[in-house]
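Trainee: okay, sequence plus prediction incoming.
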Amino acid sequence: MDTTKRAPRILIIDDDPFIADVYVIKFKDEGFEVASAHNGKDGLKKVKEFDPDIILMDVVMPDMDGFQILEELKKETGKPQKIIMLTNLGQKEDVDRGMGLGAMDYMVKAHFTPSEVVEHARKLLARQ
């Protein structure tokens, strides 16, 4: 019997290559297995291929925004996904919309360091 525990898998979906790279490096350094996508359509494809434990996702992206991805994931999988919206859109209606569509956390990029985002992800993964 294999008792080794695999590293948690995170998918980072963000169209800003610099931001995505910062989080890819930070999560890898923290022991996560990481995949990334730079737009919504690729993000949806990677969800199927990579089967992440958690998704860190921007809202404003080309092709398909984060809200549309949430809607698609809800339709396609039928199961709740552990998703953190990480965006610069911090208006109450944006937060309400993201949470209403199934995000489990909503963070404004400017308000959190990458270390704090990792900590939020760990807490979310610990929830059953």
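Mentor: Great, that's in hand.
Trainee: least trustworthy helix or strand in the protein by mean pLDDT?
Mentor: Lowest by mean pLDDT, DSSP states H and E among the helices and strands of the chain is helix 66-77, with a mean of 88.
Trainee: what comes up buried for that one?
Mentor: Neighbour-count burial for helix 66-77 flags 66-70, 72-73 (criterion: 16 or more other CB atoms under 10 Å). Placement of C-beta: from N, CA and C, glycine included.
Trainee: now do stretch 6-22
Mentor: 8-15, 19-20.
Trainee: tell me which helix or strand the spatially most central residue of the chain sits in.
Mentor: Nearest to the geometric centre of the chain sits residue 56, at 1.5 Å (CA atoms, centre = their mean). For residue 56, the host element (DSSP states H and E) is strand 54-57.
Trainee: quick one: average confidence on that strand?
Mentor: Model confidence over strand 54-57, given as mean pLDDT, is 96.
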